[in-house]
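Peer 1: The amino acid sequence is not available; the structure is as follows:
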């Protein structure tokens, strides 16, 4: 008769959440639930909630208040959070992770010269973005800060469904994977223009897949109009999206067909050999 599993192994297996489609496979016995919970608390801080107490952190991380408080105190003890005793906020130490990524990751280094050239030529801000779950993350950017919309800084995370880059990256997913991504997902409304109906979004993604580019106007933020194209490797894999934030009139009719769109498409073709 085989031995009964150890209680600790049972707890570990139960603690492991359903894996994301792009997650690295892991055996239940290798999954460290405490680390996952601590990172969930750390990820609870964003541009919407820059300061959290134990109650808010618990709600955002899906933990009990007592557990969230322990994680907050531990992260503060380790230097990743600062606190006044009740409220917590991120400390500069968290930049170690982003700094190490930007210094070592190949994608930002490869695309940066192209972004700089495009920004110098047009005077407009350009970004390269990757998909992370239900958000996109800006991993490289260039352009004048005076034209940069709030929240479009390097490292910013934006909802994929409401951005030109997010739609380009979602449209590149296999249809079965996209269906799983859309199933039961609440599409948050950020402005009056945000597309929040799943059927309408699916139709828009079909259109993006066919034309191979996307324009999104004022869906993430009022006054922000953006155009994005996919960045692909030589074997055809879409690994990122390239976009420009520009004036609305630049993204319409002849101005789009003869200006902004071919500019991005040419840059994407140049980068393909480097990615």
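Peer 2: In hand now; what should we look at? These figures come from a predicted structure and were not determined experimentally. Numbering: from 1, shown residues only.
Peer 1: where's the nearest residue to residue 205 once chain neighbours are set aside relative to residue 116, distance?
Peer 2: Distance criterion CB to CB, 6 or more residues apart in numbering; nearest residue to residue 205, sequence neighbours excluded, is residue 171 at 4.5 Å. Bear in mind the C-beta positions are built from the backbone N, C-alpha and C, glycine included. With distances taken as CB to CB, to the nearest Å, residue 171 is found 27 Å from residue 116.
Peer 1: Find the centremost residue of the chain, please.
Peer 2: The central residue of the chain, meaning the one whose C-alpha is nearest the mean C-alpha position (CA atoms, centre = their mean), is residue 136 at 2.2 Å.
Peer 1: Now do the SS call for that residue.
Peer 2: Here residue 136 is recorded as strand under DSSP: H, G, I helix; E, B strand; the rest coil.
Peer 1: what's near enough to touch the residue nearest to residue 205?
Peer 2: Under the criterion of CB atoms under 8 Å, 6 or more residues apart in numbering, the neighbours of residue 171 are 178, 205-206, 208-209, 214.
Peer 1: what about the strands in the stretch 51-200 of the chain?
Peer 2: Along the stretch 51-200 of the chain, the stretches classed as strands by DSSP state E, counting those that start in this stretch are 81-83, 88-90, 126-132, 135-142, 157-159.
Peer 1: what's the model's confidence in the last one, averaged?
Peer 2: Along strand 157-159, the predicted local confidence has a mean pLDDT of 90.
Peer 1: can you pull the buried residues of that strand?
Peer 2: The neighbour-count criterion (16 or more other CB atoms under 10 Å) identifies 157-159 as the buried residues of strand 157-159.
Peer 1: ditto for the first one
Peer 2: Buried residues in strand 81-83, defined by neighbour count with 16+ other CB under 10 Å: 81, 83.
Peer 1: quick one: strands adjacent to it?
Peer 2: On the basis of DSSP bridges, the sheet neighbours of strand 81-83 come out as strand 88-90 (antiparallel).
Peer 1: ok, back up a step: mind checking which of the contacts of residue 171 land in helices?
Peer 2: Using DSSP state H, the subset of these located in helices is 178, 205-206, 208-209.
Peer 1: Just flag the most distant two among those.
Peer 2: 178 and 208 (11.3 Å; CB to CB).
Peer 1: what's the distance between residue 142 and residue 113?
Peer 2: Distance of residue 142 to residue 113, computed by CB to CB: 9 Å.
Peer 1: between the two, which one's more packed in?
Peer 2: When residue 142 and residue 113 are compared on other CB atoms under 10 Å, the one with more neighbours turns out to be residue 142, at 20 against 12.
Peer 1: residues in contact with the more buried one?
Peer 2: Contact analysis of residue 142 by CB under 8 Å, 6+ apart lists 112, 115-116, 118-119, 125-126.
Peer 1: Which residues does the longest helix along the chain contact?
Peer 2: Secondary structure of the chain read by DSSP H shows that its longest helix is helix 106-122. Contacts made with helix 106-122 from outside it, assessed by CB under 8 Å, 6+ apart, are listed as 102, 124-128, 130, 139-144, 231, 239-240, 242, 244, 246, 263, 267, 270-271, 274-275.
Peer 1: same thing with stretch 86-97?
Peer 2: Where contact means CB under 8 Å, 6+ apart, the residues beyond stretch 86-97 that reach it are 42, 45, 50-53, 57, 72, 75-76, 79-83.
Peer 1: Which parts of the protein are helices?
Peer 2: Under the criterion DSSP H, the chain carries helices at the ranges 7-15, 33-42, 54-61, 65-77, 95-104, 106-122, 164-171, 175-182, 198-211, 253-255, 261-272.
Peer 1: Low-confidence stretches in the chain?
Peer 2: Across the chain, the stretches falling below the confidence threshold (pLDDT under 70) are 1-23, 47, 103, 145-151.
Peer 1: What residue, apart from its backbone neighbours, is nearest residue 158 spatially?
Peer 2: Excluding the flanking residues, the one nearest residue 158 by CB to CB, 6+ apart is residue 136, at 5.3 Å.
Peer 1: I figured the one you found hits residue 169, correct?
Peer 2: Yes - counting by CB atoms under 8 Å, residue 136 sits close enough to residue 169 to count as a contact (6.6 Å).
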